[in-house]
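> kindly generate the corresponding structure for this input.
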Amino acid sequence: MKNIPISAMIGLFFTGLYFLMAIFAPLLAPYGMAEIVGDVWEPSSSQFLLGTDSIGRDLLSRMIYGGRTTIFIATAATILSFTLGSVLGFFAAVSGGWVDQVISRFVDLIMSIPSLIFALVVLSVMPTTVPILILLMGLLDSTRVYRLARAVAVDITVMDYVEAARLRGEKIGWIIFRETLPNALSPLVAEMGLRFIFAVLFVSTLSFLGLGVQPPQADWGGIVKENKEGINYGIQAALYPAYAIATLCISINLVADWILNRTTSLKGGRG
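Model (predicted):
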């Protein structure tokens, strides 16, 4: 713990807190996610710690369940994007030649379309469900992961130990998972935190625009959308999820920066 800076400890604390609240949401939330328990936009009280929302639901309960939905979608999309992007990036770098060119040009084509516009077009013609959101976000973000994974893998594939593996007759799967991946983990792990932040902001943006998580399910972007009119009357309901999004993103960024600072340069071997 002595080697962990204060900023990273703060990031780890809030990140852990949010994830624990997401995991144990049914135990922590005082009311049901869609249960109407009071009047519209009631102020904070002993009964409703954060007050109520635009139709009388407990805002704290909505925040806890909303955090669960937001974190679950962002985590699943990040895992999907890193699995797909890393494997394709390593495969392209190790294969080289026309395989690398075909995959890279296809990725360039997808990246040339703004992600938000691409998502809005797809979601306007497809059902807006959680699996569709995860799949769409994971596929879009995998292009960014692909570029990083390929760039790192290209440097690794010219190392002596990779050439030795090729001369031994090792298959491409061995070279990817036994030679390339272990030496590329540090930058990929650091980048994963930044991709998670992007996923949180992206799903919140989609929900705010009405094409993300659909009511009565809750997520932080949707809660902002539901209560944004209250800002005109001095109601703070829309600001609480905004604070939560900002706090989570800053915390993840602090942890990612710490991991990035600890990242060592690529070694000349697997050790």
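> CA atoms for contacts and neighbours, from now on please.
Will do.
> quick one: the residue positioned nearest the centre of the chain from Thr157, how far?
With the centre of the chain defined as its mean C-alpha position, the nearest residue by C-alpha atoms, centre = their mean is Phe196, 2.4 Å away. Distance of Phe196 to Thr157, given as C-alpha to C-alpha, to the nearest Å: 28 Å.
> and if you look at Met21?
According to C-alpha to C-alpha, Met21 stands 42 Å off from Thr157.
> go on, Gly11?
In this view, Gly11 and Thr157 are 35 Å apart by C-alpha to C-alpha.
> same drill for the two, tell me which one is more crowded.
With neighbours defined as other C-alpha atoms under 10 Å, Gly11 and Thr157 compare such that Gly11 has more, 23 against 20.
> which residues does the more buried one contact?
With contacts defined as C-alpha atoms under 8 Å, 6 or more residues apart in numbering, the neighbours of Gly11 are 250-255.
> from those, which ones fall inside helices?
Within these, residues falling in helices by DSSP state H are 250-255.
> out of the residues you listed, which is most surrounded?
Per-residue neighbour counts (other C-alpha under 10 Å) across the ones in helices among the contacts of Gly11 peak at Ser251, which has 25 neighbours.
> excluding chain neighbours, what is closest to it?
Ranked by C-alpha to C-alpha, 6 or more residues apart in numbering and with sequence neighbours excluded, the top spatial neighbour of Ser251 is Gly11, at 3.9 Å.
> under the pLDDT cut-off, which ranges of the stretch 151-271 of the chain? List them.
Using pLDDT under 70 as the threshold, the predicted model of the stretch 151-271 of the chain has low-confidence ranges 263-271.
> revised request: answer the last question for the stretch 1-150 of the chain.
For the stretch 1-150 of the chain, the stretches with pLDDT under 70 are 1-2.
> and the helices in it?
6-23, 25-28, 59-95, 97-111, 115-125, 130-156 (DSSP state H, counting those that start in this stretch).
> I'd like to know which of those helices lies nearest to Gly234.
Among these, the nearest to Gly234 by C-alpha to C-alpha is helix 59-95 (15.9 Å).
> what are the buried residues along the closest one?
Of the residues in helix 59-95, those with enough neighbours to count as buried (16 or more other C-alpha atoms under 10 Å) are 59-82, 84-94.
> same check on stretch 232-242?
235-241.
> just the closest of these to Trp98, please.
Checking the buried residues of stretch 232-242 against Trp98 with C-alpha to C-alpha, the nearest one is Pro241 at 47.2 Å.
> who touches whichever strand or helix holds the closest one?
Assigned by DSSP states H and E, Pro241 falls within helix 239-262. Outside of helix 239-262, the residues within contact range by C-alpha under 8 Å, 6+ apart are 5, 7-12, 14-15, 18, 63, 186-187, 189-194, 197, 200-201, 220-221, 223-224.
> residue contacts, the closest residue to Leu50 other than its chain neighbours?
Leaving out its chain neighbours, the residue that sits closest to Leu50 by C-alpha to C-alpha, 6+ apart is Ser44, at 4.8 Å. Remark: with contacts taken as C-alpha under 8 Å, 6+ apart, Ser44 is in contact with 50-52.
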